[in-house]
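**Student:** Next one to model:
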Amino acid sequence: MSLYCTSLLQDAADELGVDEGNERYKRRFVNAINRTLDEISLDSDLASAYAHISSTDDTISIDEVYGWIVYAGLIYHLIRMGQRPSDPKLALLIYQDSKERWNYAKGMYQTGELNELQSVATNNIINFGSMSDS
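**Tutor:** The predicted structure is shown next:
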């Protein structure tokens, strides 16, 4: 399964009050998605990193169940890249909220990955692996 960038592009534009056709926004979107994928890969110590996208029409090869996590990272990085209100107080609040959501989302991704690993008998930490596999 994979995530479609076009729906993420539209949702983020709606949340941030941006025209999704704006070229500057599209460029930032691609960079923000790639930074999000890099952070997920690095923070989760994945054996192979998620592939970068090159356009807003690409798909992301990550399970759809993690779509909200990618979205949290996308918003965080877009805000860091300048897609925020001009009022400094409001911008700070929005930044802090997006940072908290992103940190929570990365933690949930890591938990999901660990749960997935433990679902295999040989990796199950409770049973110390399968005795029959010795």
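**Student:** use CA for all of it now, contacts and neighbours both
**Tutor:** Noted.
**Student:** now the strands for this structure?
**Tutor:** For the chain, the strands defined by DSSP state E cover 3-4, 59-60.
**Student:** Same list, the ones you listed, but as TSV with mean neighbour count and mean pLDDT please.
**Tutor:** Formatted as TSV, the strands of the chain follow (neighbours: other CA atoms under 10 Å; pLDDT from 0 to 100):
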stretch	mean neighbour count	mean pLDDT
strand 3-4	18	94
strand 59-60	19	95
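**Student:** Would you mind putting the ones you listed into TSV with distance to Y109 alongside?
**Tutor:** Shown next, in TSV, are the strands of the chain (distance: least, CA to CA, whole Å):
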stretch	distance to Y109
strand 3-4	15
strand 59-60	15
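**Student:** Tell me where the model's unsure across this structure.
**Tutor:** 117-134 (pLDDT under 70).
**Student:** For D45, what are phi and psi?
**Tutor:** As for D45, its main-chain torsions (degrees, to the nearest 10) stand at phi 50, psi 50.
**Student:** returning to that earlier point: for R35, find the nearest of the strands of the chain.
**Tutor:** Nearest to R35, of all the strands of the chain, is strand 59-60, at 12.7 Å by CA to CA.
**Student:** Can you tell me what sits against that closest one?
**Tutor:** 2-5, 51-53 (CA atoms under 8 Å, 6 or more residues apart in numbering).
**Student:** so which of the strands of the chain comes closest to D14?
**Tutor:** The minimum distance between D14 and the strands of the chain falls on strand 3-4, with 16.2 Å, by CA to CA.
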